[in-house]
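**Student:** Provided below are the primary sequence and the corresponding predicted coordinates.
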Amino acid sequence: MTADPEYRPLSLETRQLYRSPNGDEWYLARYRESGRVFVQHVPTVPSGGRPSNIELAEFLGREGNSPEHQALVRLIGTLLDGTSGDVAAANSN
């Protein structure tokens with residue numbers, strides 16, 4: 001079997017949001033080619049070990065105030081620090 005020369009794996013970019021005391025990891029993730037952004041949960045082997053992708057709206061809409069949820073909200077907040085002028089400038093074009 002030969003590989004398809006047109007096949008290119010999607011480039012996944014991640015930024016760790018939170019690592020729980022038991023070792024589960026939460027990432028803000030994006031496929032560079034499509035721009036799709038989501039939260040990726042990577043559990044430890046005892047927790048199941050299979051990564052799962054959670055759409056941002058679903059993740060942010062969940063009940064509760066988990067540490068990983070707080071971490072994402074803090075990260076989003078950093079996007080607003082000192083950048084309101086940049087948004088206004090971009091919208092004026």
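**Tutor:** Nice, I can see it. Numbers count the residues shown, from 1 in each chain.

**Student:** Give me the buried positions along the longest helix seen in the chain.
**Tutor:** Longest helix in the chain, counting residues (DSSP state H): helix 67-78. In terms of neighbour count (16 or more other C-beta atoms under 10 Å), helix 67-78 has its buried residues at Glu68, His69, Ala71, Leu72. Bear in mind the C-beta positions are built from the backbone N, C-alpha and C, glycine included.

**Student:** close enough to count as contact, the first one and Leu17?
**Tutor:** Put plainly, it is Glu68. Yes: look at Glu68 against Leu17 with C-beta atoms under 8 Å: they come within range, at 5.7 Å.

**Student:** and which of the buried residues of helix 67-78 is nearest to Trp26?
**Tutor:** Of all those, Trp26 sits closest to Glu68, with 4.0 Å by C-beta to C-beta.

**Student:** Mind pulling up the pLDDT for that closest one?
**Tutor:** On pLDDT, Glu68 comes in at 94.

**Student:** Quick check: it vs Ser11, distance?
**Tutor:** From Glu68 over to Ser11 the distance is 24 Å, taken as C-beta to C-beta, to the nearest Å.

**Student:** on that earlier part again, in JSON lines: the buried residues of helix 67-78, plus distance to Val39.
**Tutor:** Putting those into JSON lines (distance: C-beta to C-beta, whole Å) gives the following:
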{"residue": "Glu68", "distance to Val39": "8"}
{"residue": "His69", "distance to Val39": "9"}
{"residue": "Ala71", "distance to Val39": "10"}
{"residue": "Leu72", "distance to Val39": "7"}
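
**Student:** tell me the SS of Pro21?
**Tutor:** coil (DSSP: H, G, I helix; E, B strand; the rest coil).

**Student:** Can you give me the neighbour number for it?
**Tutor:** Residue crowding around Pro21 was assessed by other C-beta atoms under 10 Å; the count is 6.
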